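# below is the sequence, then the predicted model.
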Amino acid sequence: MRKIIKKIRLVTHDLKYSLKNLPKSVHLDIPYFCQFMSADLVETYISNHNLLNTDPKWRESGANTISEYEMWTWSDCGIACFKMILSAVNKKYSSLKIVDLAREAKHMEHLNKTKR
């Protein structure tokens, strides 16, 4: 878990630096990441939520179980966008798993609440 926190802090630092130093007009090559691991089946899953547990690529999300994948997938659109931004800044972040990022964000949210 600490590795992920450290990685997110480094990524955030890289992102702040990159955004601060962008010219006023820039073309970015932003990669696409879907919150559903089988992006070609999104319409099927949205039409029938019960079929999400048949996603053949669910393990690529970083989830430990299909149930965990199902839980996070319906709320991971923001995490997928965050991963796109990070990956646009540096391609090395493309390998981050969406569910790992979501878990870490949830953990950081909890830490921030307990500090208040």
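Looks like it arrived, so ask away.

# contacting residues around the worst-scoring helix or strand of the chain on mean pLDDT?
In the chain, no helix or strand scores lower on mean pLDDT, DSSP states H and E than helix 2-20, which sits at a mean of 75. Applying Cβ atoms under 8 Å, 6 or more residues apart in numbering, the contact partners of helix 2-20 are 85-86, 89-90, 93, 96, 100-101, 103-104, 107-108. Just so you know, the C-beta spots here come from the backbone N, C-alpha and C atoms, and that holds for glycine as well.

# so which of those belong to helices?
85-86, 89, 100-101, 103-104, 107-108 (DSSP state H).

# these: which two are farthest apart?
Within the ones in helices among the contacts of helix 2-20, 89 and 107 form the most distant pair, 22.3 Å apart (Cβ to Cβ).

# what would the contacts of helix 2-20 look like in CSV with distance to residue 51 and pLDDT?
CSV is the format used below for those (distance: Cβ to Cβ, whole Å; pLDDT from 0 to 100):
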residue, distance to residue 51, pLDDT
85, 29, 89
86, 30, 88
89, 34, 85
90, 35, 87
93, 30, 89
96, 26, 92
100, 24, 92
101, 24, 92
103, 24, 91
104, 28, 89
107, 30, 83
108, 32, 83
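
# out of the residues you listed, who's nearest residue 46?
residue 101 (21.9 Å).
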